[in-house]
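1. fold the following and give me the result.
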Amino acid sequence: MKIAIIDFFEEDFIHQLSNNDFIFDYFPEAKRHDLLKKNDYEILILKSKTVIDEEFLSYWKSLRYIIRAGAGVEHIHQQAIQKRGIQLITTNEGNANAVAEHALGMLLCLLNNIHKANFEVKNFLWLREPNRGHELEGKTVGIIGYGHTGSAFAKKLQGFDCQIIAYDKYKSGFANDYVQEVDLQTLQEQADIISFHVPLTSETHYYFDESFVRKLKKNIWLLNLSRGPVVKTNILPELLSTKKILGCALDVLEYEDFAKLSSEYKATLEQLFRFDNCLFTPHIAGWSFESAKKINDLIVKKLLQISNFIKY
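-> Just a heads-up that it's a prediction; the model follows:
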């Protein structure tokens with residue numbers, strides 16, 4: 001069972017593999033052109049180093065398993081791997097708690113103007129009334145996508161005495177004593193806060209667009225900690241100006257390579273940067289020290305399961 005690792009991983013993970021007698025090659029600095037060579041690896045472990053497409057797989061003919069460290073598999077072409085019988089294994093449960101905590105932190109920051117007030121005080125401005133906040137208690141939080149991160153976020157919200165409703169097109173029967181399962185229309189009508197926790201697919205690309213906004217019954221706070229293209233960025237400045245969006249928290253953007261932004265998209269971001277109620281972080285919601293260890297441990301666990309499966 002030959003393993004190739006093509007992204008940077010913590011030393012502890014590499015030691016775990018060695019201690020479990022796995023045979024592996026570690027290529028943390030490899031570029032795509034380095035990887036487009038014939039090989040006989042059966043297992044590929046990666047984060048988001050490169051796109052796994054027909055071209056890539058034409059060189060990796062022995063591949064049987066792909067293990068994605070973290071969440072998001074839009075760079076792995078599903079049809080291409082399915083055609084070859086390659087099994088995709090994800091570890092997105094490993095960073096679900098980190099994303100949930102980050103979402104809660106961003107939401108509380110927005111509702112209470114914490115980031116804005118902090119900046120003002122550091123500039124010797126003591127403005128209380130302009131920073132009067134909103135309480136989470138009594139509000140309705142709508143979660144779209146009830147997988148690992150969506151359900152983890154709901155769990156964090158339990159103690160805030162807010163109503164939690166959730167919609168997931170591909171999941172049902174998940175309601176419990178603190179989450180109500182609803183359809184999308186009900187969520188759009190009732191939610192004060194909407195948080196996206198969906199993968200990026202052809203269905204979720206621009207999920208939050210003009211059509212979605214027209215169906216909202218309330219002015220909302222918006223959170224996106226899933227993938228940037230889930231939210232149509234260029235509609236946000238007007239929605240913030242008209243207060244249809246009371247505030248938004250974005251951990252992800254449509255285009256995250258700032259060195260390659262189009263002039264049009266850069267102009268949109270510059271507009272958003274002027275809003276005190278638009279909060280950004282650089283795709284770090286699931287990027288905690290603890291989540292890295294959890295993901296690494298999960299990979300080792302799943303490798304052991306694969307090894308036992310092949311053996312027996």
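2. only C-alpha atoms from now on, for both contacts and neighbour counts.
-> OK.
3. what is the neighbour count of the residue nearest to I295 when sequence neighbours are not counted?
-> Distances taken as C-alpha to C-alpha, 6 or more residues apart in numbering place G94 nearest to I295, at 4.7 Å, with adjacent residues excluded. Counted with other C-alpha atoms under 10 Å, residues neighbouring G94 total 25.
4. before we move on, what SS does G142 have?
-> strand (DSSP: H, G, I helix; E, B strand; the rest coil).
5. show me what contacts it?
-> By C-alpha atoms under 8 Å, 6 or more residues apart in numbering, the contact set of G142 is I164, I165, A166, Y167, L187, Q190, A191, D192, I193, I194, S195.
6. parallel or antiparallel, list what pairs with the one helix or strand the third one maps to.
-> Just to be clear, that refers to A166. Taking DSSP states H and E as the criterion, A166 maps to strand 163-167. When sheet partners are counted by DSSP bridges, strand 163-167 sits next to strand 140-144 (parallel), strand 180-181 (parallel).
7. buried deepest among the ones you listed, which one?
-> strand 140-144 (a mean of 24; mean count of other C-alpha atoms under 10 Å).
8. buried sites along the first helix or strand past that strand going along the chain?
-> Remark: after strand 140-144, the chain's next helix or strand is helix 148-157, criterion DSSP H and E. Neighbour-count burial for helix 148-157, with 16 or more other C-alpha atoms under 10 Å as criterion, is recorded at H148, T149, G150, S151, A152, F153, A154, L157.
9. what sits against the most centrally placed residue in the chain?
-> Of all residues in the chain, the one closest to the mean position by C-alpha atoms, centre = their mean is S226, 3.3 Å from it. S226 is in contact with F196, H197, V198, P199, L200, D251, V252, counting by C-alpha under 8 Å, 6+ apart.
10. ok, the third one - how many residues close by?
-> In this case it means V198. Close neighbours of V198, defined as other C-alpha under 10 Å, add up to 23.
11. so how far is Y207 from it?
-> For V198, the distance to Y207 (C-alpha to C-alpha, to the nearest Å) stands at 10 Å.
12. which residues of the stretch 201-312 of the chain fall in helices?
-> 210-214, 236-241, 263-273, 289-311 (DSSP state H, counting those that start in this stretch).
13. can you list the domains in this protein?
-> Domains of the chain are assigned by automatic domain parsing as 2-90+289-311, 96-280.
14. do a quick rundown of the helices in the stretch 51-200 of the chain.
-> So, for the stretch 51-200 of the chain - with DSSP H, counting those that start in this stretch - the helices run 54-57, 78-83, 96-111, 114-122, 148-157, 184-190.
15. lowest-pLDDT helix or strand in the chain?
-> Using mean pLDDT, DSSP states H and E, the weakest-scoring helix or strand in the chain turns out to be helix 289-311, at a mean of 89.
16. which residues are in contact with that helix?
-> Residues from elsewhere that reach helix 289-311 (C-alpha under 8 Å, 6+ apart): 1, 13, 16-17, 67, 69-70, 91-95, 97-98.
17. for it, what is the distance to the chain centroid?
-> Put simply, helix 289-311 sits 21 Å off its chain's centre (C-alpha atoms, centre = their mean, to the nearest Å).
18. which parts of that helix are buried?
-> S291, A292, K293, K294, I295, N296, D297, L298, I299, V300, K302, L303.
19. again with stretch 58-68
-> Those would be W60, S62, L63, R64, Y65, I66, I67, R68, for stretch 58-68 by 16+ other C-alpha under 10 Å.
20. contacts for it, please.
-> The contact list for stretch 58-68 (C-alpha under 8 Å, 6+ apart) reads 36-47, 57, 85-91, 299.
21. only the buried subset of these, as a ChimeraX command please.
-> Restricted to buried positions by 16+ other C-alpha under 10 Å, the ChimeraX selection for those reads:
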select :41,42,43,44,45,46,47,57,86,88,89,90,91,299
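22. out of the contacts of stretch 58-68, which sit inside strands?
-> Taking DSSP state E as the definition of strands, the contacts of stretch 58-68 contribute I43, L44, I45, L46, Q87, L88, I89, T90.
23. test my guess that the fourth one contacts I3.
-> No - at 10.8 Å, L46 and I3 do not qualify as touching, with contact defined as C-alpha atoms under 8 Å.
24. tell me the contacts of the closest residue to S172 other than its chain neighbours?
-> Sequence neighbours aside, E181 is the residue nearest to S172 in space, at 7.5 Å (criterion: C-alpha to C-alpha, 6+ apart). Going by C-alpha under 8 Å, 6+ apart, E181 touches I165, A166, Y167, S172, G173, F174, A175.
25. quick one: buried ones out of those?
-> Using 16+ other C-alpha under 10 Å as the burial test, the contacts of E181 include I165, A166, Y167 as buried.
26. and the residues you listed, which is closest to R32?
-> Each of the buried ones among the contacts of E181 was scored against R32 by C-alpha to C-alpha, and Y167 proved nearest at 38.1 Å.
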